[in-house]
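Novice: Sequence below, structure please.
(2 chains)
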Amino acid sequence: DGGITQSPKYLFRKEGQNVTLSCEQNLNHDAMYWYRQDPGQGLRLIYYSQIVNDFQKGDIAEGYSVSREKKESFPLTVTSAQKNPTAFYLCASKKGQGVGETQYFGPGTRLLVL
Amino acid sequence: SQQGEEDPQALSIQEGENATMNCSYKTSINNLQWYRQNSGRGLVHLILIRSNEREKHSGRLRVTLDTSKKSSSLLITASRAADTASYFCATGGGSNYKLTFGKGTLLTVNP
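Specialist: Residues are numbered from 1 along each chain as shown, chains lettered A, B, ... in the order given. Prediction:
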């Protein structure tokens, strides 16, 4: 099956700890995205990557870091600098940069603080 | 910043009725997309309408776009309980490498 997978489904973070959320896609898409969703809110863009070894900050990048070493993978690290990390994190991918490209989403990871 | 704003924030209807959700945005766009999200799940793409299009249909979905008013509407006809979800509009701008999402409309279809 082609698609986007995210793991884990639930993640618990202790105070001062860095945690990494996994996102993998086998759609052969060039672009990948990380969004944060708070209860009752829309999606806010954290980071995005249009090609391997390149990524750009989104609207709320502070306290987060990413890497794009492989086309299939775009992991997100929530660092200890992110003081309010509790949220639902969604990864998405897109084939290219043309007009009319839609994004395909993974099932999400819910991050909770202990 | 979130460009799209959906209206209403919540909508409750009976099965078989039509549901209409609206989206307003602020800047020029290349396209506008509608997504659906079931509770606790990822988003699923429903339909895309380009800036030079005025109306588009897909099954029970009808989307309109009025670029002069910077607004779009999503109509779901003959709604079913399975349509219960949050619906988001997302706008693609000039660079087109990212989408800007609204806060969504929570639709509840009562059986």
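Novice: What about the residue of chain B found nearest chain A, how many residues nearby?
Specialist: Here chain B gets closest to chain A at one residue, residue B:42, 3.7 Å apart by C-beta to the nearest C-beta. Heads up, the C-betas are built off the backbone N, CA and C, glycines and all. Residue B:42 has 21 neighbours, counted by other C-beta atoms under 10 Å in any protein chain shown.
Novice: can you pull the contacts of it?
Specialist: Contacts for residue B:42 (C-beta atoms under 8 Å, 6 or more residues apart in numbering or on different chains) come out as A:4, A:6, A:90, A:105-108.
Novice: Let's see that with 10 Å instead.
Specialist: Residues near residue B:42 by C-beta atoms under 10 Å, 6 or more residues apart in numbering or on different chains: A:3-4, A:6, A:35, A:37, A:88, A:90-92, A:104-108, B:35.
Novice: Pull out the buried members of these.
Specialist: The neighbour count (16 or more other C-beta atoms under 10 Å in any protein chain shown) marks A:4, A:6, A:35, A:37, A:88, A:90-92, A:104-106, A:108, B:35 as buried among these.
Novice: Just the closest of the residues you listed to residue A:13, please.
Specialist: Closest to residue A:13 out of those is residue A:88 (13.9 Å), distances taken as C-beta to C-beta.
Novice: Skip the chain neighbours and tell me the closest residue to that closest one.
Specialist: Among residues not flanking residue A:88 along the chain, residue A:37 sits closest, at 4.5 Å (C-beta to C-beta, 6 or more residues apart in numbering or on different chains).
Novice: now swap in residue A:57 and tell me
Specialist: residue A:47 is the one closest to residue A:57 (C-beta to C-beta, 6+ apart), at 6.2 Å.
Novice: Tell me the strands beside the strand or helix carrying the one you found, with direction?
Specialist: Using DSSP states H and E, residue A:47 sits in strand A:43-51. Next to strand A:43-51 in the sheet, as set by DSSP bridges, lie strand A:31-37 (antiparallel), strand A:54-57 (antiparallel).
Novice: what's the burial count for residue A:89?
Specialist: For residue A:89, the count of nearby residues is 23 (other C-beta under 10 Å).
Novice: pretty sure the residue nearest to residue A:88 contacts residue A:91?
Specialist: No: applying C-beta atoms under 10 Å as the test, residue A:37 and residue A:91 come out as separate, 11.6 Å apart.
Novice: Between the two, which contacts overlap?
Specialist: A:108, B:42.
Novice: Residue numbers of chain A in contact with chain B?
Specialist: Counting by C-beta under 10 Å from any C-beta of the partner chain, chain A comes close to chain B at A:3-4, A:6, A:9, A:31, A:33, A:35, A:37-38, A:40-45, A:48-50, A:56, A:58-59, A:88, A:90-92, A:94, A:96-108, A:110.
Novice: dump the residue contacts of residue B:22.
Specialist: B:5-8, B:64, B:71-74, B:89, B:105.
Novice: So which of the residues you listed belong to strands?
Specialist: B:5-7, B:64, B:71-74, B:89, B:105 (DSSP state E).
Novice: which of those lies closest to residue B:53?
Specialist: Nearest member of those to residue B:53, counting by C-beta to C-beta, is residue B:64, at 9.3 Å.
Novice: what is the closest residue to residue A:5 other than its chain neighbours paired to in the beta sheet?
Specialist: If the residues on either side of it in the chain are set aside, residue A:5 comes closest to residue A:24, at 5.1 Å by C-beta to C-beta, 6+ apart. Beta-bridge pairing of residue A:24 under DSSP bridges involves residue A:5, residue A:73.
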